[in-house]
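Peer 1: Sequence below, structure please.
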Amino acid sequence: MKCDKCEGELSKEAKFCPGCGVETKPKIDFKPTPWTKRFVNLLIDFLCMALISYPFWITFGAIFSFIGMDVVTNFIIDIDKVSEGRGSGVVLLFFYYLFFESLFQKSPSKFITRTKVVTFEGKKPNFSTIVTRTISRVIPLDALSFLDNYFPVGWHDKFSKTIVVPDSFSADDVKKINIDEFTKNLSSSFVGKVIKLLLLIALMGIISSIIIVSLNPASK
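Peer 2: Got it, this is the predicted structure:
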């Protein structure tokens, strides 16, 4: 490590440069939120969706019935019958993330993990950006795009040009992140990827089962 002023060598513990006496400032390595925390976000959000699914569909059906558009709810029910409950799950996921991330820059899980969604420039995403981000979530195997890096920028991040960062990051901090660096395959070993993939598949299967069971009232 070198001094910013005189470029003299500094030890890691040095608080002042021995050459010019200038106070040293620790360099912060700005990175996106790690995949472990992103996975926790996913787990918490899926559990939240399971909890709100029943009141959501009661409200959803009442609103469209009131405005005379029962055809919408009937269409979703027909899709549910064909897809074994997955259709209503996709609709719930869309409105869940669209509502919270467009208003608060974060879903409920991100309040807990103290993270937020920002654009690559560090700004608050506009509504159309969140729509793109939310639609991109239903791309098949989107979750696997987060296994290529410990600090991932997955598909629904890339397509919407958004990123998840700690709440403490300012716009200037986000601009210091080398986005291209984290979209490349820089992750752990092959064995590590396999373990993460198997863990993801197992937990997603459990969570999906819980959500499908909780969404049954929507298809009755």
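Peer 1: Where does Leu103 sit: helix, strand or coil?
Peer 2: helix (DSSP: H, G, I helix; E, B strand; the rest coil).
Peer 1: mind listing what Ile163 touches?
Peer 2: 32, 117-120, 153, 157, 174, 177, 179 (C-beta atoms under 8 Å, 6 or more residues apart in numbering). Yep, even glycine has a C-beta here, placed from its N, CA and C like the rest.
Peer 1: One more: Lys37?
Peer 2: Neighbouring residues of Lys37 by C-beta under 8 Å, 6+ apart: 113, 115.
Peer 1: which parts of the helix or strand harbouring it are buried?
Peer 2: Using DSSP states H and E, the element containing Lys37 is helix 35-66. For helix 35-66, burial by neighbour count (16 or more other C-beta atoms under 10 Å) applies to 35, 37-42, 44-46, 49-50, 53, 56-57, 60-61, 64.
Peer 1: I'd like the mean pLDDT over it, please.
Peer 2: Average pLDDT, helix 35-66: 82.
Peer 1: what lines up beside the host helix or strand of Ile163 in the sheet?
Peer 2: Under the criterion of DSSP H and E, Ile163 resides in strand 162-166. The strands that strand 162-166 pairs with in its sheet are strand 115-119 (antiparallel) (by DSSP bridges).
Peer 1: can you list contacts of the partner strand?
Peer 2: By C-beta under 8 Å, 6+ apart, the residues outside strand 115-119 that reach it are 33, 37, 41, 101, 105-106, 110, 124-125, 129-130, 133, 161-167, 169, 171, 174.
Peer 1: Can you turn the buried part of these into a PyMOL selection?
Peer 2: Restricted to buried positions by 16+ other C-beta under 10 Å, the PyMOL selection for the contacts of strand 115-119 reads:
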select buried, resi 33+37+41+101+105+106+110+125+129+130+133+162+163+164+165+169+174
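Peer 1: Might you report the residue contacts of Phe95?
Peer 2: Here Phe95 is in contact with Phe56 (C-beta under 8 Å, 6+ apart).
Peer 1: ok so it is a strand residue?
Peer 2: No. Under three-state DSSP, Phe95 falls outside any strand and is assigned helix.
Peer 1: Tell me how far it lies from Ser53.
Peer 2: According to C-beta to C-beta, to the nearest Å, Phe95 and Ser53 sit 11 Å apart.
Peer 1: Could you tell me which of the contacts of Ile163 belong to helices?
Peer 2: The helices, defined by DSSP state H, take in 157, 174, 179 from the contacts of Ile163.
Peer 1: so who does the first one touch?
Peer 2: For Asp157, the contact set (C-beta under 8 Å, 6+ apart) comprises 133, 163-164.
Peer 1: ok, it to Ile179 distance?
Peer 2: Applying C-beta to C-beta, the value for Asp157 to Ile179 is 9 Å.
Peer 1: Point out where this protein drops to low pLDDT.
Peer 2: 1-5, 7-17, 19, 21-28, 61, 64-66, 68-87, 148, 183-200, 202-220 (pLDDT under 70).
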